[in-house]
Each structure stands twice: as structure tokens, then as C-alpha cells.
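In: Build me a model from this:
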Amino acid sequence: IWRAASPSPIGKRRACRAMNSRTYSGAVNALTPSTISVNHVTAPGAPITLTNTGVMSGSAAVSVIGVNTNGRLILNNAANTYSGMMTLGPAAVVRAVGVGALANGATQLNLAGGVLELRSNGTGSNQNISFGNAAQLTSNSVIDVNRDTANSNNQLRLGSLDIGANTLTVTGGNGYSLGV
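Out: You can find the predicted model right below:
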């Protein structure tokens, strides 16, 4: 069960507790610092996916937590306007499908041990596609880049990237690469 009203001012904690996957299509408005927990209740650590197709807005800090990197939050609404700091905690996996999923660069990213999956087809192959987001690592983390459904050899670009003394592992497929 994804506990949220429509539209939802997410409060202190919202949890996705489903059998394998859930789609939440209501609006999510981050008004106060909040945590989104993507976790499987009946089989902790089992794969589970929460897809948010509604608009995510607001500017309060949001932390995403998971269990054993088996919980995945998918953001795929091109109209998202969320402009706060999204922290991907250890074992959290967030997939952003298209540049609008991260508010065309407005969402700030804090990679604190999680996995950020950037996905975009662009309008063809061999392009630079700008997500434009500022990202910082506060722990060793992973950024995985790839297409959503089509094209190859595109570079997905962040606005800035501060790695500090941490290790960033970049993975990808279909000839995709990460740029800043």
C-alpha cells in the first residue's frame, strides 16, 4: 500500500508496501522533510517497484530508502516540478525516465550510497541529453545510464557533479555514457 492521498502532501514517512509492483498516479507534494520507503512487507528484501506517474512538486527534502537494492522508485512524469534535495540512501534505487522526471534540472541529488538510474531515449542516437541536475556524493554510489526503450550512444549529462573523497561507479548499456 502506498500511503498517500491525492494530491498528497507527503508527511514524515510514506511507505510502498506491495506484493511486487505498484503504480501511484496521484500528485505528491513535498511540503515537509519526508522519507519514501520502498520495501516489501511480506518478504523483506524481495524485489518491489513503485512507479510514480503523478506530478511530484514541492521543495522540502525527500529521502528515498530501500532494502538490498531490490526496491526501486521510478519517476516518469515529464511535468515534475520538485525542486528540493532528493537523497538516495544506502540500498535505494531511483530511476528517472526522461529529463522531466527530475524537473528538468531543478531537483538536487544527494547520492548517499544509492543507485541513480538515468533513462532517456532523446530524439535519436549520438546525442547529448541534458538532465541538468546538480549531484553530490556523500558516500560511494552508482549512476547507471541507458535508454528507456530506443536509440543508442547518447550521453546523459548532469549540471554538476561533486564526488568529493567518494567513489562513483558509472554503469550503462547501449553505448550510453555519463557527462557533466
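
In: and the gap between the residue nearest in space to the middle of the chain and residue 165?
Out: For the chain, residue 94 is the residue whose C-alpha lies nearest the centre (Cα atoms, centre = their mean; 3.1 Å). Distance of residue 94 to residue 165, computed by Cβ to Cβ, to the nearest Å: 23 Å. All C-beta spots, glycine's among them, are computed from the backbone N, C-alpha and C.

In: One more: residue 104?
Out: Going from residue 104 to residue 165 by Cβ to Cβ gives 30 Å.

In: Between these two, which has more neighbouring residues?
Out: residue 104 (17 against 6; other Cβ atoms under 10 Å).

In: got a list of what that one touches?
Out: Contacts of residue 104 were listed using Cβ atoms under 8 Å, 6 or more residues apart in numbering, and they are residue 132.

In: Helix, strand, or coil at it?
Out: helix (DSSP: H, G, I helix; E, B strand; the rest coil).

In: And it, what's its pLDDT?
Out: Per-residue pLDDT puts residue 104 at 93.

In: Same question for the one 3 residues further on.
Out: According to the predicted model, the pLDDT of residue 107 comes to 94.

In: is it true that it touches residue 81?
Out: No: if you go by Cβ atoms under 8 Å, residue 107 and residue 81 don't touch, sitting 9.1 Å apart.

In: These two: who's more crowded?
Out: Between residue 107 and residue 81, residue 107 has the larger neighbour count (other Cβ under 10 Å), namely 25 against 16.

In: so how far is residue 178 from that one?
Out: According to Cβ to Cβ, residue 107 stands 17 Å off from residue 178.

In: go on, residue 91?
Out: Distance from residue 91 to residue 178, counting by Cβ to Cβ: 21 Å.
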